[in-house]
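structure for this input, please:
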Amino acid sequence: MTVNPRLLQPRSIAVVGASEDTGKTRGKILRCLKNAGFPGPIYPVNPGGYETIQGLKAYASLADLPEVPDLLLVGIPGAGVPALIEDAAARGCAGAVVFSSDVVPADMERAVAVARRHGMNVLGPNTEGFYLPKTKLAATFAHVVEECTAHPLPPRRAKRPVAVVSQSGGIGFALFGRAVHAHLDLHSVVTTGNEADLEVLDFVERLVEGGEAGVILLFIEGLKDARRFAAVAQKAAAKQVPIVVMKVGRSEAGQRAAISHTAHLAGADTAYDAAFERHGVLRVFDAEEMLAAGAALSLMPFMQGGRTAVVTTSGGAGGWAADLLSAQGLELPALSETLQRRIMEFVPPYASAGNPVDTTVAATDDKGKGMLGVIDALARSGEVDAVVVNMGLSAKGRIAGMAAELKPLLERSSVPVLFHSHIAPSQENLSALADIGAHGFPSFRACAAALDALKRYGRFQQRHVEAEVPTRRVAQPSPLLAKGRLATGVLGEADTTALLAHYRIPVPPSVIVPDAAAAMRAAHGMGFPVVLKIQSPDIAHKTEAGGVELQVQADTLPAAFERLMANVKRHAPTARLEGVQVQKMMPPGHELVVGVVNDIDFGPLVMLGMGGIYVEVLKDVVFAPPPIARGEALRMIGSLKAAAILKGARGRPEADVEALADFLVAVAELAADGDGVVDQIDFNPVLVYPKGQGVVAVDALVAAAAAQQEGQHG
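Below you'll find the model as predicted:
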């Protein structure tokens, strides 16, 4: 949905249900709007016969207004909201913010349909509205906004202003309030509530396309249109607008009947995590982490590496910082002798020039000249990717005294410089840091979160710039993926074989036979030993049904065939049997599992994990949405906890990782082509042989979706 520009830039506003009583929400809405300094006409609307409300001329209805307002702020009982929306839309209003929480959903849906026909936006219902400090537009009743209007925010000039977009009104304005107290350069806060019309992605897209915000802090429980997320996130990536997301609640993933290992391993947030990883969206898990990431991304250069120098006036605090930063995966490298000699020029002889650099408190004397020299030497050295400065910020005037030299130092620095105080800092010093484009972080953990965000986003942007465009391996999708061609449920061997052959997915030689005599002939043709596997659309996991016989030789084949059939009859007496697959027994290799699950929100996801019988116990897996380029496939392999095993551990040869990457690319192409048709795929195990010897999918399960949708290949 496109956001009507006049929703956020109205020329006039009507507050419907406006009240004189500022203890009520309806009164707070009008007071917030007035006190923020909105420059256009404000029309209180209330049928109670008032001449004025809060000092403004009052009107009984929209029909009585001297003009059609661009924006309505709606605080009336829910029963009256739908009719009001329809009336306003017919009159030409651009948008309405519906604070009411008791609107009947079906009635609201009908009113929104009318509004859309007239090009009118609706925000809410059950929203806390929005606030744009720089244009003095407060369409909300949030207390933090009243504080901001009573004490206007000082002008900030961050490289990337911060916007907060939240489905939850309470959380959105809580994050905004925390950001105010953290002295961030704030562009806006928007809360979407129940999203009868506009949703969070509409505002994210508007902020990105308008170039109005440089960092977006996003709070969601779920996305109304998850498939649209990729397009919006790609726009943000192209404009280098980081999105920091806090996702709570559970998605719909995994609520289908899971018949494959892949589906069992897809947790509630698997699809969200995969989408976030693909598009460089940084997921966080609490408010401090979100604000730390937001502050760093707003003010500082992105990072490629994690080499960090700690500068401190307290040796104990330096050791504490080193422990916490290291625990977050940041490296504190030893500094070169040349750099240590340079540092010692600015500190007393009893200081330490190692890393952490203990300058002692003397470095803050004389307007911090010693500390400034150390910071500058480290920032220019090329030996570190970031500098964390810990010094007492309780004494008022400390930063103000350093500002004249510190500000240009930070402006010319190509690495982030973060500030922390082990002593409770004064707001005066924190504000002074913000005035010169720096930030005082509340804890060493917050410093670590900030650096982690800068590093993750910097590396993502590097990948984004160098991104390999996925190319098709096969000219056309398989004809089997056309709508209605596949029967619902587990595919038979003929369809599975044809599908895998089309996408050039390597499998062992095999043939389906009806009886033991035919099995013997087939096995002699391909060479012993062989594997016997029951073929039935009603048996997804053959091993659990006793439907697999391994290492079958010529003299054991008749008995193995008879045993297999007996096991299956006991396990699933009503199962439809299509015969027995005779498959060439492949030599051992590294066992992995590759699969596809169709998430109800995001669509297909490709999974890679360490396989074998422990796949669901160890859960060493990674997911990614298709299509997958070869470089991304290699990164997926490298992200496994057991990746070192594939590189050749304990004298074992290096695995054919390149062939495994090609395998993933092929499966991803099948997954993309089968969107809406294929529900689940499992290749378990996939045997990976030594470098140059390839991979093979020993066992394959493909299931078609129960309700196949008309897709791009239908």
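
now do the helices in the stretch 101-250 of the chain.
105-117, 143-150, 169-181, 200-210, 229-238 (DSSP state H, counting those that start in this stretch).

which one, of the ones you listed, ends up nearest to residue 592?
Distance to residue 592, taken as CB to CB, is lowest for helix 229-238 among the helices of the stretch 101-250 of the chain, at 26.7 Å. The C-beta positions use only the backbone N, C-alpha and C, and glycine is treated the same way.

for the closest one, packing partners?
When contacts are defined as 3 or more CB pairs under 8 Å, 6 or more residues apart in numbering; DSSP states H and E, helix 229-238 packs onto helix 200-210, helix 270-279, helix 444-465.

next one: the first one to chain centre, how far?
Chain-centre distance of helix 200-210: 16 Å, with CA atoms, centre = their mean, to the nearest Å.

so it versus helix 169-181, what angle?
Angle, helix 200-210 to helix 169-181, by axes from the mean of the first three to the mean of the last three CA atoms, to 10 degrees: 40 degrees.

and the helices of the stretch 101-250 of the chain, which one is worst for confidence?
Among the helices of the stretch 101-250 of the chain, helix 143-150 carries the lowest mean pLDDT, at a mean of 91.

can you list contacts of that one?
Helix 143-150 is contacted by residues 28, 31-32, 35-37, 131, 133, 138, 173-174, 176-177, 180 when judged by CB atoms under 8 Å, 6 or more residues apart in numbering.

check stretch 615-628 too.
Applying CB under 8 Å, 6+ apart, the set of residues contacting stretch 615-628 from outside is 230, 261, 264-266, 270-271, 273-275, 277-278, 470, 593, 602-610, 632, 636, 639-642, 664-665, 668-669, 671-672, 684.

buried residues in it?
Neighbour-count burial for stretch 615-628 flags 615, 620-628 (criterion: 16 or more other CB atoms under 10 Å).

stretch 494-514 now?
Applying 16+ other CB under 10 Å to stretch 494-514 flags 495-497, 499-500, 502-503, 505-508, 510-513 as buried.

among those, which are in helices?
Counting by DSSP state H, these place 495-497, 499-500, 502 in helices.

elements contacting the host helix or strand of residue 560?
For residue 560, the element it lies in under DSSP states H and E is helix 557-571. Contacts defined by 3+ CB pairs under 8 Å, 6+ apart place helix 557-571 against helix 516-526, strand 530-535, strand 548-552, strand 579-584.

can you redo those as a markdown table with mean pLDDT?
Conversion of the helices and strands packed on helix 557-571 to a markdown table gives the following (pLDDT from 0 to 100):
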| stretch | mean pLDDT |
| --- | --- |
| helix 516-526 | 95 |
| strand 530-535 | 93 |
| strand 548-552 | 94 |
| strand 579-584 | 93 |
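
distance to residue 369 added to the ones you listed, as JSON lines?
Putting the helices and strands packed on helix 557-571 into JSON lines (distance: least, CB to CB, whole Å) gives the following:
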{"stretch": "helix 516-526", "distance to residue 369": "81"}
{"stretch": "strand 530-535", "distance to residue 369": "77"}
{"stretch": "strand 548-552", "distance to residue 369": "76"}
{"stretch": "strand 579-584", "distance to residue 369": "77"}
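
mind putting those in TSV, mean neighbour count included?
Below are those laid out as TSV (neighbours: other CB atoms under 10 Å):
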stretch	mean neighbour count
helix 516-526	17
strand 530-535	24
strand 548-552	17
strand 579-584	23
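
do you know which of the ones you listed lies nearest residue 430?
Closest among the helices and strands packed on helix 557-571, using CB to CB: strand 548-552, at 65.7 Å.

one step back: format the helices and strands packed on helix 229-238 as CSV; extra columns: distance to residue 164.
Shown next, in CSV, are these (distance: least, CB to CB, whole Å):
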stretch, distance to residue 164
helix 200-210, 10
helix 270-279, 18
helix 444-465, 16
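
need the per-residue pLDDT for residue 650.
72.

any chance you could list what contacts stretch 437-444?
157-159, 182-184, 288, 292, 295-296, 299, 320-321, 324-325, 388, 390, 393, 406-407, 410-411, 417-421, 425, 429-430, 433, 447, 450.

from the contacts of stretch 615-628, which land in strands?
Among the contacts of stretch 615-628, the members found in strands (DSSP state E) are 593, 603-610, 684.

now for the residues you listed: which two are most distant?
Counting by CB to CB, the most remote pair of the ones in strands among the contacts of stretch 615-628 is 603 and 610, 25.1 Å apart.

look up how far residue 165 lies from the residue most central in space within the chain.
Centroid check for the chain by CA atoms, centre = their mean gives residue 276 as the closest residue, at 2.8 Å. According to CB to CB, to the nearest Å, residue 276 stands 15 Å off from residue 165.

check residue 552 too.
Here the criterion is CB to CB. By it, residue 552 lies 60 Å from residue 165.

again, but for residue 485
Distance, residue 485 to residue 165, by CB to CB: 42 Å.

who has more neighbours, those two?
Taking neighbours as other CB atoms under 10 Å, residue 485 and residue 165 compare with residue 165 leading, 28 against 15.

any idea how far the more buried one lies from residue 182?
Using CB to CB, residue 165 is found at 18 Å from residue 182.

again, but for residue 358
The value you get for residue 358 to residue 182, if CB to CB is used, is 28 Å.

in what helix or strand does residue 32 lie?
Element membership of residue 32, judged by DSSP H and E, is helix 25-36.

and if you look at residue 310?
Using DSSP H and E, residue 310 falls in strand 308-312.

what strands flank that strand, and is each parallel or antiparallel?
Partner strands and pairing direction for strand 308-312 (DSSP bridges) are strand 357-358 (parallel), strand 386-390 (parallel).

next secondary structure after the first one?
Heading C-terminal from strand 357-358, the first helix or strand you meet, by DSSP H and E, is helix 365-381.

buried residues of that following helix, list them for me.
For helix 365-381, using 16+ other CB under 10 Å, the buried residues are 367-368, 370-379, 381.

and those as JSON lines, adding pLDDT?
JSON lines is the format used below for those (pLDDT from 0 to 100):
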{"residue": "367", "pLDDT": "93"}
{"residue": "368", "pLDDT": "94"}
{"residue": "370", "pLDDT": "96"}
{"residue": "371", "pLDDT": "97"}
{"residue": "372", "pLDDT": "97"}
{"residue": "373", "pLDDT": "97"}
{"residue": "374", "pLDDT": "97"}
{"residue": "375", "pLDDT": "98"}
{"residue": "376", "pLDDT": "97"}
{"residue": "377", "pLDDT": "98"}
{"residue": "378", "pLDDT": "98"}
{"residue": "379", "pLDDT": "97"}
{"residue": "381", "pLDDT": "97"}
